[in-house]
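Asks: sequence plus predicted model, see below.
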2 protein chains.
Amino acid sequence: MNIHKQKIFFNSQMLKKEIQMPLFMDIHKGVDGLTADAVAHAHKKDLEKQGEYGVKYLKYWYNEKDGTVFCISEAPNKEAALRVHKEAHGLMPDEIIEVKEGF
Amino acid sequence: MNIHKQKIFFNSQMLKKEIQMPLFMDIHKGVDGLTADAVAHAHKKDLEKQGEYGVKYLKYWYNEKDGTVFCISEAPNKEAALRVHKEAHGLMPDEIIEVKEGF
């Protein structure tokens, strides 16, 4: 394999890896004292921690009244996504489900 | 109020309406025979129906193994979002929660 082909092969493997990174939706229910600021602060902690475990927390949605939070992340596996939450702020989800994005 | 001021007032009210459209996350669990194609087809039906009720289904995530689907929509209220699902394909979620987007 010449250098040019090696480069294409390497790039295609990188792309494949990027495409195949699993997505996880996690759900926190009944979080006490949930406010927009509190959840933004916890999310910031996730962003600071995630690089250690190859995780990217992409987005979250929340409901202040009932204390629900949904977080979507890219992670090598479920355990890595959970570990970020555990070490960043200790607020663990009630559920975490591997998902594919529809569109 | 002169015409110029009226125009600014009207635009700001439109913007306010746009910003304030509630978001809803719904969760379907244990959907029988869930495949990427089946959920894409159901979602297409939502998109065809949603205009009648002022709803926008924005995105969805799914897990084929356990039959979970998460749908995020903009809707005037919970009932409108549910009505689209009911009339489009009849697959009703186990839960629907009003949310705000974190970022």
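Replies: Yes, it's here.

Asks: contacts only, for residue A:21.
Replies: A:74-76 (CB atoms under 8 Å, 6 or more residues apart in numbering or on different chains). C-betas here are computed from N, CA, C, even on glycine.

Asks: for these, which one is nearest chain B?
Replies: Chain B has its nearest neighbour among the contacts of residue A:21 in residue A:74, at 12.1 Å by CB to the nearest CB.

Asks: so who does that closest one touch?
Replies: Here residue A:74 is in contact with A:21-24, A:55-56, A:58 (CB under 8 Å, 6+ apart).

Asks: can you rerun that using 6 Å?
Replies: Neighbouring residues of residue A:74 by CB atoms under 6 Å, 6 or more residues apart in numbering or on different chains: A:21, A:23, A:56.

Asks: could you give the bridge partners of it?
Replies: residue A:23, residue A:56 (DSSP bridges).

Asks: return the distance of it relative to residue A:54.
Replies: From residue A:74 across to residue A:54, the span is 9 Å (CB to CB, to the nearest Å).

Asks: try residue A:67
Replies: Distance from residue A:67 to residue A:54, by CB to CB: 29 Å.

Asks: now swap in residue A:26 and tell me
Replies: For residue A:26 relative to residue A:54 (CB to CB), the value is 17 Å.

Asks: what does residue A:65 give?
Replies: 34 Å.

Asks: could I get the full set of helices for chain A?
Replies: Using DSSP state H, the helices of chain A run over residues A:3-20, A:36-49, A:78-88.

Asks: circling back to that earlier point, the more surrounded of residue A:65 and residue A:54?
Replies: A count of neighbours by other CB atoms under 10 Å in any protein chain shown puts residue A:54 above the other of residue A:65 and residue A:54, at 14 against 9.

Asks: in this structure that one contacts residue A:76, no?
Replies: Yes - counting by CB atoms under 6 Å, residue A:54 does reach residue A:76; the two are 5.1 Å apart.

Asks: give me the residue at the spatial middle of chain A.
Replies: In chain A, the residue lying closest to the centroid (CA atoms, centre = their mean) is residue A:73, at 2.0 Å.

Asks: residues contacting that one?
Replies: A:24, A:55, A:57, A:81 are the contacts of residue A:73 under CB under 6 Å, 6+ apart.
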